[in-house]
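Undergrad: My questions concern the predicted model and sequence given below.
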Amino acid sequence: MAAAAIAATLASPLLVVLASWRHPAGDVWRHLWRTQLLELVVNTLLLAAGVGVGTLVVGAGLAWLVAAFEFPGRRLFEWALVLPLAMPAYVIGFAFLALFDFAGPVQSTLRRLAGPGVRLPELRSGWGVVTMMTLVFYPYVYVLARVAFREHGGAALEAARSLGQSPARAFTAVILPLARPSLVAGVALAIMEALADFGTVSTFGYRTLTEAVYRVWTGMFDRVAATQVASVLLVLVLTVLLLERALRGGRRFTGGERRGGFPRIPLRGRRALGAMAACTGVLALAFILPLGELVVWALDVGPDERPGRGFVGLVASTFLLAAASAVLVCLLALVLAYARRLRPSRTATVSAQFSSLGYALPGAVIAVGVLGPIAWLDGVLAAVAERTLGHRLGLLLTGSTAAVLFAYAVRFVAVGYQTTDAALARIPPSLDEAARSLGVSMRAVLRRVHLPLMRGGMLSALTLIWVETIKELPATLLLRPFGIKTLAIEVWERTSESLWAEAALPALAIVAVGLVPLLIATRLDGGRR
Amino acid sequence: MVFVLVLAALAGLAGQPAAAGATEHVVIYSARHYGQEPAFDAFTQATGIQVKMLNGDAGQIFERLKAEGDKTPADLLLTVDAGNLWNAARAGLLAPVSSGELTKNIPAHLRDPDSRWFGLTLRARTIMYNPKKVAASELSTYEALGDPKWKGRLCLRTSSYIYNQSMLATFIRRHGEPRTEEIVRRWVANQPTLINGDTKILEAIAAGQCDVGLANSYYLARMLKKDAATPVALFWANQLTTGTHVNVSGAGVTAHAKNRANAIRLLEFLSGLPAQQMFADTSLEYPVNPRAEVNAIVKAWGPFKQDELNVAAAGEFQAAATRLADRAGYK
């Protein structure tokens, strides 16, 4: 019941999006069809495929490396590889352009050394966008895969090796299938995020459906048609998600219960160097390089552009919103995922999946979608108050923290749902049955059996949503009350005027505030072992 | 427990209501985020009226204004681009204002013919070039950038960019669609490097990636302010023909303003000399008020002839311009 109510509430902005089809916009569609629709769809699919494969290879590969092998620096890398998550995609994109563009220091130096004709491949292209997004979104896969590998990989690896199999064979034959729900969840999140992204694709001039949404909206002043274009993304993502579920079918991917004591295989010599190089390389590109660029920009700023007294309040409100969002969204997601486990039905699956699609939509579209139901509710409240109390109410919900949190829930419940669902999927139902047969209530099973086993997954969910909230812009911008501002808004106010140097300091603060939960989660997680 | 505390703290954060007690105030929804604060402070000092501002993205903040309807706290809508202002007026979000002060301070082509919005700063989009590679005598008009001699030497911003859309919209108003499409097709035939960001275009010109490009003048002014030796020069386009394309950032009083009188006072103040001077000095744009002085960096480019079509054309023909760019293959 509770789950159904949550799913319906979260789905309401999505229904607003779909309702855009009531108003015909055939004219815009005909224009798109004649000029670019094919290109948009192909580009969007290529982006999704590229980011999917890229994050899977990088994320799962690195997770396996730090989970199964021992090499110098492994412990450091294990948590450091999560860091790029704190870097907003548009920031890394801009830092890379600044460094590797024709006018940037790298190419300028190259031209000086090797002649004026020397050029690097153009970063403003499909592969450039895929690279940027892989670098910032691989941690979704990494975080989820690492938990899965650690929880169940050890026993599987040991068993496989005792049967005389190589670690590589054990990885592909046993561990990958076991981790499949987690890997799929991570890749799905990365792809949805890539599809919803506007900042990077517009900076890199790569035309996707999301880019078209904004072009139709701001260039043709046609929000209805823009919303229709956005709804195509919904259908696309829902198809992929349900397809994967169908392919996974009735197969269960639960593993043994062995925890801790992972028998890591020591690497030596060239192999150890290779492992270190892989970790360092990814970390350098995805985190250290953009961070360095931000620091250089921040130092370049004159004294009157430095943050004033307001900055502390800015950090505080960002922090509070992120904490509230993480807890709220995580709880909602847990209810959704748990309801599906208690009563697995097609309806439960589809409705949970549908209500979490807000993640794949451009943020601005979702924000306006949220505005609809909120303003409607405000109208109802005002009417009721006027009739019963004879009192004229102002706007209670429109432009309130509640509206902002609601939007976060719509937007990020996917992160919580995918993560907790994957964690739940790894717990064998035989455990539930055993506990129930001992006369334990379902609530107690959740508290005493599932939650402790899901600890890693829940921590990941909290961390991911926290970081997402800090980076979120359109919904916060549109729905916030007066006086509330976040670091992301501070960055945007400057970047929208091309003042990148002036935006560097708040951007650094975003990274710093995002790092807090990452470090805490690692700490808590580490204390367990 | 923690959650309750957090919620309580958030409620505290939200506890500053939009209407701040009995003091005189004016509430602004703004999609222009830079360079106006000093002018607002001066307004408060001069009148005692508090200015409360909520920043947002133009397209989205219109939706909020629409959704809030007659309950909106906003008195004034401030935004960049005449097309945005035109669109807000068309959606019925702005109410007409009749003020002799405003008509006196702001030239007629920079405000709504129906007085629902008023330009406050002027943004000129013109030709930028690398003086080491191009002589000013080689340059003339926007149209002439389609000349084959610029093949591979031209940098343009993507057509999705609102100032490009508005520029093409005014071209359509002046030349009609077929001729404008021909102009754009000739640009595209020169295989321009498409770069998202006016500053990036100027950097590309300085580094020699391209020799000419189009950008708003204040971006160059900001670069010159940081480094006076930047090898990029400005050329006033179409001086012998239609004049250089200009756009505005501006404002209008909302249809359901609760503090309409204060909002009008603020508008009048912003079009007056002291505020116009501040705009000119902080954002390095041109003041709309012809009596205000431009900044010294800007002054070095000399006076120029503006295209005196009413900037409302930017909105009227914006959708047509976007479609035209798509048809012409201008990405």
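TA: Perfect, I can see it now.
Undergrad: which phi and psi does residue B:247 have?
TA: Main-chain torsions, residue B:247, degrees, to the nearest 10: phi -130, psi 170.
Undergrad: Okay, and the closest residue to it other than its chain neighbours sits in which element?
TA: Residue nearest to residue B:247 in three dimensions, not counting chain neighbours: residue B:123, with 4.7 Å by C-beta to C-beta, 6 or more residues apart in numbering or on different chains. Quick note: C-beta positions are derived from backbone N, CA and C, even for glycine. Assigned by DSSP states H and E, residue B:123 falls within strand B:118-129.
Undergrad: hey, which helix or strand in chain A has the poorest pLDDT?
TA: helix A:154-162 (a mean of 75; mean pLDDT, DSSP states H and E).
Undergrad: one step back: I'd say the residue nearest to residue B:247 and residue B:167 touch.
TA: No. With contacts counted by C-beta atoms under 8 Å, residue B:123 stays clear of residue B:167, the gap being 10.5 Å.
Undergrad: Next, show the common contact partners of these two.
TA: Common contacts of residue B:123 and residue B:167, defined by C-beta atoms under 8 Å, 6 or more residues apart in numbering or on different chains, comprise residue B:247.
Undergrad: I'd like the next helix or strand past the strand holding residue B:123.
TA: Following strand B:118-129 in sequence, per DSSP H and E, is strand B:154-156.
Undergrad: chain center to that next one: distance?
TA: Centroid separation for strand B:154-156 versus its chain: 21 Å, with C-alpha atoms, centre = their mean, to the nearest Å.
Undergrad: I'd like the C-alpha coordinates of the helix or strand just after that strand written as PDB, please.
TA: Once the chain leaves strand B:154-156, the next helix or strand it forms, by DSSP H and E, is helix B:162-175. Written as PDB, here are the backbone C-alpha positions of helix B:162-175 (Å, rounded to 0.1, in the frame of the first residue of the first chain):
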ATOM      1  CA  ILE B 162      20.100  32.400 -27.900                       C
ATOM      2  CA  TYR B 163      22.000  35.400 -29.100                       C
ATOM      3  CA  ASN B 164      22.600  33.700 -32.500                       C
ATOM      4  CA  GLN B 165      18.900  32.900 -32.700                       C
ATOM      5  CA  SER B 166      18.000  36.500 -31.900                       C
ATOM      6  CA  MET B 167      20.500  37.800 -34.500                       C
ATOM      7  CA  LEU B 168      19.100  35.500 -37.200                       C
ATOM      8  CA  ALA B 169      15.600  36.500 -36.100                       C
ATOM      9  CA  THR B 170      16.400  40.200 -36.800                       C
ATOM     10  CA  PHE B 171      17.900  39.200 -40.200                       C
ATOM     11  CA  ILE B 172      14.700  37.500 -41.100                       C
ATOM     12  CA  ARG B 173      12.700  40.600 -40.100                       C
ATOM     13  CA  ARG B 174      15.000  42.700 -42.300                       C
ATOM     14  CA  HIS B 175      15.700  40.400 -45.300                       C
END
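Undergrad: List the buried residues in helix B:162-175.
TA: B:162-174 (16 or more other C-beta atoms under 10 Å in any protein chain shown).
Undergrad: Can I get those in JSON lines including pLDDT and distance to residue A:167?
TA: Shown next, in JSON lines, are the buried residues of helix B:162-175 (pLDDT from 0 to 100; distance: C-beta to C-beta, whole Å):
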{"residue": "B:162", "pLDDT": "88", "distance to residue A:167": "55"}
{"residue": "B:163", "pLDDT": "90", "distance to residue A:167": "57"}
{"residue": "B:164", "pLDDT": "93", "distance to residue A:167": "56"}
{"residue": "B:165", "pLDDT": "94", "distance to residue A:167": "57"}
{"residue": "B:166", "pLDDT": "95", "distance to residue A:167": "61"}
{"residue": "B:167", "pLDDT": "96", "distance to residue A:167": "61"}
{"residue": "B:168", "pLDDT": "96", "distance to residue A:167": "60"}
{"residue": "B:169", "pLDDT": "96", "distance to residue A:167": "63"}
{"residue": "B:170", "pLDDT": "95", "distance to residue A:167": "67"}
{"residue": "B:171", "pLDDT": "96", "distance to residue A:167": "65"}
{"residue": "B:172", "pLDDT": "96", "distance to residue A:167": "66"}
{"residue": "B:173", "pLDDT": "95", "distance to residue A:167": "70"}
{"residue": "B:174", "pLDDT": "94", "distance to residue A:167": "71"}
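Undergrad: Export those as TSV, with columns for distance to residue A:54.
TA: Listed next are the buried residues of helix B:162-175 as TSV, based on distance: C-beta to C-beta, whole Å:
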residue	distance to residue A:54
B:162	32
B:163	34
B:164	32
B:165	33
B:166	37
B:167	38
B:168	37
B:169	39
B:170	43
B:171	41
B:172	42
B:173	46
B:174	47
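Undergrad: Need those in TSV (columns: distance to chain A).
TA: Below are the buried residues of helix B:162-175 laid out as TSV (distance: C-beta to the nearest C-beta, whole Å):
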residue	distance to chain A
B:162	6
B:163	12
B:164	9
B:165	5
B:166	10
B:167	13
B:168	10
B:169	10
B:170	15
B:171	15
B:172	13
B:173	16
B:174	19
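Undergrad: In stretch B:84-91, which residues are buried?
TA: Across stretch B:84-91, burial judged by 16+ other C-beta under 10 Å covers B:84, B:85, B:86, B:87, B:88, B:89.
Undergrad: got it, and stretch A:288-298?
TA: A:289, A:290, A:291, A:293, A:294, A:297, A:298.
Undergrad: Now do that stretch, average pLDDT.
TA: Stretch A:288-298 shows a mean pLDDT of 93.
Undergrad: The stretch 1-150 of chain B: strands as residue ranges?
TA: Here the stretch 1-150 of chain B has its strands, by DSSP state E, counting those that start in this stretch, at B:25-31, B:50-55, B:76-80, B:118-129.
Undergrad: pLDDT on the last one, on average?
TA: So that's strand B:118-129. Here strand B:118-129 scores 97 as its mean pLDDT.
Undergrad: any idea how far that strand is from the chain center?
TA: 7 Å.
Undergrad: Also the first one?
TA: Distance of strand B:25-31 from the chain centroid (C-alpha atoms, centre = their mean) equals 17 Å.
Undergrad: now it and strand B:50-55, what's the angle there?
TA: Using axes from the mean of the first three to the mean of the last three C-alpha atoms, to 10 degrees, the direction of strand B:25-31 lies 20 degrees away from that of strand B:50-55.
Undergrad: Could you list every helix and strand in contact with strand B:25-31?
TA: Applying 3 or more C-beta pairs under 8 Å, 6 or more residues apart in numbering or on different chains; DSSP states H and E, we find strand B:25-31 packed against strand B:50-55, helix B:58-68, strand B:76-80, helix B:260-271.
Undergrad: likewise the shortest one?
TA: Packing contacts for strand B:76-80, counted by 3+ C-beta pairs under 8 Å, 6+ apart, involve strand B:25-31, helix B:58-68, helix B:82-90, strand B:245-253, helix B:260-271.
Undergrad: per-residue pLDDT, the residue lying closest to residue A:194 once chain neighbours are set aside?
TA: By the measure of C-beta to C-beta, 6+ apart, the closest residue to residue A:194 outside its immediate chain neighbours is residue A:51, 4.2 Å from it. Residue A:51 carries a pLDDT value of 97.
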